[in-house]
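Trainee: what follows is a predicted protein model with its sequence.
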Amino acid sequence: MKAIISGGGTGGHIFPAISIANAMKQLDAGVEILFVGATGRMEMERVPAAGYRIEGIPAKGLKRPLYSPANILIAIDYVKCLFKARKILKRFKPDIAIGVGGYASAAIVAAAAKKGIPVLLQEQNSFAGLVNRKNGKSAGKICVAYEGMERFFPKEKIVITGNPVRNDIRRPTAEQRLEGLKYYNLSPEKKTIFVVGGSLGCRTLNECMKKEIESGGLIGGENVQFIWQCGKYYKAEIDSFMKGRENGNVFYSDFIQRMDLAYAAADIVISRAGAGTISELAIAGKCTIFVPSPMVAEDHQTHNAMALVKKDAAAIVKDSAALESLMNVAAGLLENKEKRETLEKNILEFAKPDAAMQIARYCMELASNGAKRRE
């Protein structure tokens, strides 16, 4: 059996895609998997590091507003992507095409559907992305993480599976908490806040941390410590800022290799509201303050976060208010153990740890049925 998995641009698309591939390999070690991503984006490094082959196409995301003149060139690039996608399909001859969203998947999924190759879509967000919405009618199955997705897709094709996460993300034990604190060289006697802005970084959260450090006193004083993922885009800037401001209560890095240990160490997580991150936080059962990015399509991060906030499973602070109020909200949660425990308990209701395996089974079923029809 051969499968193409397409999508990418950010860790939020790449890591779920790799999780699906790993689950398919568990079901059938002989399955041959080819990834297709956007040339120059992080999937071109992360996918080979996970042991899979990847080919790049010159895919680029649409600019907002959609009538932007820049989209003329992007439309031309899309035509080039379609030609390359057809060549890849003709050469690789997949039994199924799996689209995990993002502009990198648009051409492959469209070309596969036109050739009659079975298509499975994985939609991570509560507000479906443009690429998946456009390809929904041609998909055989659409795996989603939130209820109410019939607003975007044919109801009979939807299955709620949750979002795939990395295999090492689990509800941490007390022993893992201590391991995490030791790994990040932090004290087990202090409360820990994990600030994470995604693989590329988040200016708003970085500015909040800089303000807190610059003030000369972190919230909670010497009783609070931080793990801070600043993101690769901001690494040089944060290195320069931290020079002369080194602080034993702050561990910072552009990329967190051991997310499982960072979650384990944290009493509170402050995060953007990407779908993959939310799925990880639900499985880890973390008390979380979401600061949704206002720069994403259809404001989908706010939709993602509010699905939890409405169930008293997380707190939320608007990006525009974060610099003034975020750390005050965090301080309030640190002082309110009962509220933290409530948020931890309720976010666990959103956890779907077997999502990758469920999606992999649907992939194998679609591919198998498609092969039988071709026979």
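Mentor: Right, received. Where do you want to start? Numbering: from 1, shown residues only.

Trainee: go through this structure and flag its longest helix.
Mentor: helix 70-92 (DSSP state H).

Trainee: kindly export that helix (C-alpha atoms) in PDB.
Mentor: What follows is helix 70-92, C-alpha atoms only, in PDB (Å, rounded to 0.1, in the frame of the first residue of the first chain):
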ATOM      1  CA  ALA A  70       0.100  39.500  -4.200                       C
ATOM      2  CA  ASN A  71      -2.400  36.600  -4.700                       C
ATOM      3  CA  ILE A  72      -2.000  36.900  -8.500                       C
ATOM      4  CA  LEU A  73       1.600  35.500  -8.100                       C
ATOM      5  CA  ILE A  74       0.400  32.900  -5.600                       C
ATOM      6  CA  ALA A  75      -2.300  31.700  -8.100                       C
ATOM      7  CA  ILE A  76       0.400  31.300 -10.700                       C
ATOM      8  CA  ASP A  77       2.400  29.300  -8.100                       C
ATOM      9  CA  TYR A  78      -0.600  27.100  -7.500                       C
ATOM     10  CA  VAL A  79      -0.800  26.200 -11.200                       C
ATOM     11  CA  LYS A  80       2.800  25.200 -11.000                       C
ATOM     12  CA  CYS A  81       2.000  23.100  -7.900                       C
ATOM     13  CA  LEU A  82      -0.800  21.300  -9.800                       C
ATOM     14  CA  PHE A  83       1.600  20.300 -12.600                       C
ATOM     15  CA  LYS A  84       4.100  19.000 -10.100                       C
ATOM     16  CA  ALA A  85       1.400  17.300  -8.000                       C
ATOM     17  CA  ARG A  86       0.200  15.400 -11.100                       C
ATOM     18  CA  LYS A  87       3.800  14.300 -11.900                       C
ATOM     19  CA  ILE A  88       4.300  13.100  -8.300                       C
ATOM     20  CA  LEU A  89       1.000  11.100  -8.400                       C
ATOM     21  CA  LYS A  90       1.800   9.600 -11.700                       C
ATOM     22  CA  ARG A  91       5.300   8.500 -10.500                       C
ATOM     23  CA  PHE A  92       4.400   7.400  -7.000                       C
END
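
Trainee: avg pLDDT for it?
Mentor: Mean pLDDT, computed over helix 70-92, is 87.

Trainee: before we move on, what about stretch 187-195?
Mentor: Average pLDDT, stretch 187-195: 96.

Trainee: just stretch 283-291 next, same as before
Mentor: 98.

Trainee: ok so, going back, and the longest helix of the chain, which residues are buried?
Mentor: Buried residues in helix 70-92, counted by 16 or more other CB atoms under 10 Å: 71, 74, 77, 78, 81, 82, 84, 85, 86, 88, 89. Using the backbone N, CA and C atoms, a C-beta is placed for each residue, glycine as well.

Trainee: let's verify the closest residue to the second one other than its chain neighbours: helix, strand, or coil?
Mentor: The reference is to residue 74. Distances taken as CB to CB, 6 or more residues apart in numbering place residue 60 nearest to residue 74, at 4.9 Å, with adjacent residues excluded. What DSSP: H, G, I helix; E, B strand; the rest coil gives for residue 60 is coil.

Trainee: how many neighbours does residue 60 have?
Mentor: 21 (other CB atoms under 10 Å).
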